[in-house]
Structures are given as structure tokens and as C-alpha cells.
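Engineer: sharing a model that was predicted from the sequence below.
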Amino acid sequence: MRKILLAILLNTQIIYAQNLNNLSFGSDSTFEVVSWNIEWFPKNNSTANYVGTILSNMSSDVYALQEIDDTTLLKQVVSNIPGYECYFSSTYYGGLTYVYNINTVQINAKYEIYTAQPFWNAFPRSPQVLDLNFNGDNYIIINNHFKCCGDGTLDINNTNDEENRRLQASTLLKEYIDNNFSNKKVIIVGDLNDELTDPITNNVFQEFISDNGNYLFTDIQIAQGSSTNWSYPTWPSHLDHILITNELFSDFQNPNSNVAVVRVDDYMNSWNNYENNISDHRPVGLKLDFGNTNPTSEVINNEKKIISVVDALGRDVETD
């Protein structure tokens, strides 16, 4: 009986590996940034192998990761992926991490912002900036992990209220970008721990949403769509976001540009298998095509922006 159980277990692992080998996202003709909370990596002894396979097969130019607990193990994982390196702001504690393809991106600078004690309430984890060049153009990526939890109601008079802390983070982040990267191609990513679709009175992202001439949440239609495509299915909710500045609006309008929640669990036979071994969050990826853009599409109405939502194989996914 023990031999039979062992054979079943080995065959199951092989099936999972074969399914993950069908996973893909990046391409040679696009620039990809993927945000992924890996839930205090690693969950168990299988997590590292799974994560290595997923990162390798998705082939993104940049990964912005959150909740990296074991930095040494992640370094080992990345060292086994040809052409990739990783960056931690601390040698002893990861938390926020970048993994990037050294053959496609040139790193100019890596640093944190809002690190001083007065900002710890807004940012329990300081935003991590990656200044890079891709295909001759300069990009600024900002990786974030906002304060979690709360009751869904924004208490504007209580600075310790979880929603208020996320509002503070959004306000400070927008202020920093407006003051320092006003003409830059900026991509803000991360586990922002709140909903884009909350009413104005409770929406911690309202300053970004209202300034729709300068900012766009690329994943807004995912947030407005079916819960089956959200990044945090357990709740369910859509908490992981990718925000761009207007310097990237026209690129995002190109036919091969899209944003997607990458449903890795579809390639592991079940959500439970994915959650038990890897994370309670799905990756969210942005793919930018730099082909010719119709000038009339450069002005974007956030309510009417057509976003192609695809799964990891590039198949269209219907949204409600």
C-alpha cells in the first residue's frame, strides 16, 4: 500500500510540473512587469521549486515581489534561472524584492523611499524604487506592500485606522511621483490591500483615480469584473494593482498590451494546491507593446478603456 501511495504522489507531482511547464506570460517584443505576493516565502519545502518554475516560465522582464521571508533561499532560486538577478533592500530581511532579467533591462538605481520614522505609520514597508532602462527607454518601477486589514470604512479622523493608513500611503506616493517623476514613465505595483471599486468616501486610491489625466489603474476592469479573475480569491477580493502614469497611456493602448491576473492555480489542478504550497495571492502582470499608436487613442477615458484580460496562455478571459 505504501508503494502505491508513493507512486500516486510522484505521478501527481509530475502532472503538476507538466502543467506548470505550459505557463507563459512574457514575450520578446513586449516589456513585462509582474507583481506577486508570495505569502512569506517559502510556505514549505516544495515552495522554492514551484516558484523557480513559475518565474522561469512566465519570462517577465521584471518581477516585483512581496512577503519574501527567506532571502537566502530566494537567491538560490533566482541563481538557477539563467539571466536573472534579484535585489533586496536588506541582507537579513527581504519583504519587498525585485527579480529582473539582466539581458533585457539595465539597472540604473535601486533604493527605498519614505524610510524615516515619521512615515512608518503610512508605510510599514518602505516603497522600493527600481530605475531601469529597457530598449533604450527609462522606466521607474515602485514596489509596495500597503498596510493590511480594516473594516472597509475609511475613518479620516483616526490616523491609526487601517484604511486611513492606506490613504496616507497613496497620498504620499502620489506626492513623491508628482514631485520627482513628473515626466517619467512610472509603474506603481504591489499588494495595495484595498479595492479600486470602493465608493469615493471609502476609496483610499481616490486621489489617483480622480487624477485620470495623469494616472491609470490598468487593472480597473479586472476589479470591476468577475471575482474568478481577482488576485486574492480566498476573500475573494482584488487587492494587487498596477498603476501607470500618462507617459505610458499610449503604449498601453497598443493591441498587444494587456494586464492580467495570472491564474497559476489553473496549472496546478486546484486553488488549494496552489495556496497550500505557494501563496494566497495570484500574480498580476502588465505587458506593454511599443508598436505604433494611433494618436487619437492617447487621451484615455478610464471608464471606457478596453483592457484585454487574458490567462497565462494568452487566451481571452470574459469579464462581467
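Structural biologist: Yep, it's here.

Engineer: quick check: the residue lying closest to residue 155 once chain neighbours are set aside vs residue 56, distance?
Structural biologist: Once flanking residues are discounted, residue 155 sits nearest to residue 161: 4.0 Å by C-beta to C-beta, 6 or more residues apart in numbering. Quick note: C-beta positions are derived from backbone N, CA and C, even for glycine. Taking C-beta to C-beta, to the nearest Å as the measure, residue 161 falls 41 Å from residue 56.

Engineer: what ranges does the stretch 1-150 of the chain have for its strands?
Structural biologist: 30-41, 62-68, 84-88, 95-101, 105-112, 128-134, 137-145 (DSSP state E, counting those that start in this stretch).

Engineer: let me redo that: the stretch 201-320 of the chain
Structural biologist: In the stretch 201-320 of the chain, the strands defined using DSSP E, counting those that start in this stretch lie at 215-217, 240-245, 258-261, 284-289.

Engineer: if I pick the spatially closest residue to residue 232 that is not a sequence neighbour, what's in contact with it?
Structural biologist: Among residues not flanking residue 232 along the chain, residue 239 sits closest, at 4.8 Å (C-beta to C-beta, 6+ apart). Neighbour list for residue 239: 191-195, 231-232, 281 [criterion: C-beta atoms under 8 Å, 6 or more residues apart in numbering].

Engineer: so where is this protein shaky, pLDDT-wise?
Structural biologist: Residues of the chain that meet the criterion pLDDT under 70 lie in 1-18, 90-93, 292-320.

Engineer: residue closest to the middle of it?
Structural biologist: Taking C-alpha atoms, centre = their mean, the centroid of the chain lies closest to residue 35, which sits 1.8 Å from it.

Engineer: make a markdown table from the contacts of residue 239 and add distance to residue 207 and neighbour count to it.
Structural biologist: Below are the contacts of residue 239 laid out as a markdown table (distance: C-beta to C-beta, whole Å; neighbours: other C-beta atoms under 10 Å):
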| residue | distance to residue 207 | neighbour count |
| --- | --- | --- |
| 191 | 19 | 27 |
| 192 | 13 | 26 |
| 193 | 17 | 24 |
| 194 | 13 | 27 |
| 195 | 15 | 19 |
| 231 | 22 | 25 |
| 232 | 23 | 19 |
| 281 | 25 | 23 |
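
Engineer: reformat those as a markdown table; add distance to residue 176.
Structural biologist: Formatted as a markdown table, those follow (distance: C-beta to C-beta, whole Å):
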| residue | distance to residue 176 |
| --- | --- |
| 191 | 19 |
| 192 | 15 |
| 193 | 19 |
| 194 | 19 |
| 195 | 23 |
| 231 | 24 |
| 232 | 26 |
| 281 | 25 |
